[in-house]
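Asker: below are the sequence and a predicted model for it; my questions follow.
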Amino acid sequence: MKTRKITVEIICFMLLMNWFYEGVYKVAYWSSFSIYLKHAPLLKPVWQVLAYGIPVGEIALALMFLFQRQRTWALYISIGALMVFVLWVMCVYLFTGYLFWPYHALWAKPTWVQKMLMSIAMCWLAFMSIVLSNSKMSFKKFGLIVPQNAPANISR
């Protein structure tokens with residue numbers, strides 16, 4: 001039980017640091033971020049709203065991870081935001097002919113595939129944290145048999 005709680009805390013801390021770093025970075029370099037959004041495909045009608053909303057939303061999401069009562073909501077919002085990002089990248093490549101680089105990543109010269117893989121990995125971490133933090137979850141709903149709860153003579 002203690003391992004579950006520590007794992008959830010580590011995942012939440014990683015997500016908190018990621019969202020806070022991304023939000024503060026976009027606030028610090030707001031002028032270049034807003035120019036990037038202005039020229040990003042499919043975002044031209046709403047770039048002004050997103051230029052303010054994305055950094056503030058990322059910092060607010062990071063702050064939600066600090067409060068125990070808001071953590072589950074923060075995990076669900078993280079999954080949703082990251083999946084919207086992945087879907088946006090896929091739509092840009094499928095429906096427009098633009099080839100452009102990601103705004104910012106933790107390493108030099110990232111590709112969109114790398115950014116999408118990082119987003120999907122963070123989604124899985126958030127999902128794993130939701131599953132681990134819900135101690136009342138019954139694995140029988142999913143057809144899973146947990147070894148410590150299974151009888152000795154089990155067969156499938």
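Answerer: Structure received.
Asker: in the chain, what helix or strand scores lowest on average pLDDT?
Answerer: Least confident helix or strand of the chain, by mean pLDDT, DSSP states H and E, is helix 30-39 with a mean of 86.
Asker: which elements pack onto it?
Answerer: Applying 3 or more CB pairs under 8 Å, 6 or more residues apart in numbering; DSSP states H and E, one finds that helix 30-39 makes contact with helix 47-64. Just so you know, the C-beta spots here come from the backbone N, C-alpha and C atoms, and that holds for glycine as well.
Asker: buried residues, the helix it packs on. List them.
Answerer: Residues of helix 47-64 classed as buried: 50-51, 54-55, 58-59, 61-62, 64 (neighbour count, 16 or more other CB atoms under 10 Å).
Asker: can you map out the helices along this protein?
Answerer: 2-28, 30-39, 47-64, 71-95, 112-133 (DSSP state H).
Asker: could you say which one of the ones you listed comes nearest to Y103?
Answerer: Among those, helix 30-39 comes nearest to Y103, with 4.9 Å by CB to CB.
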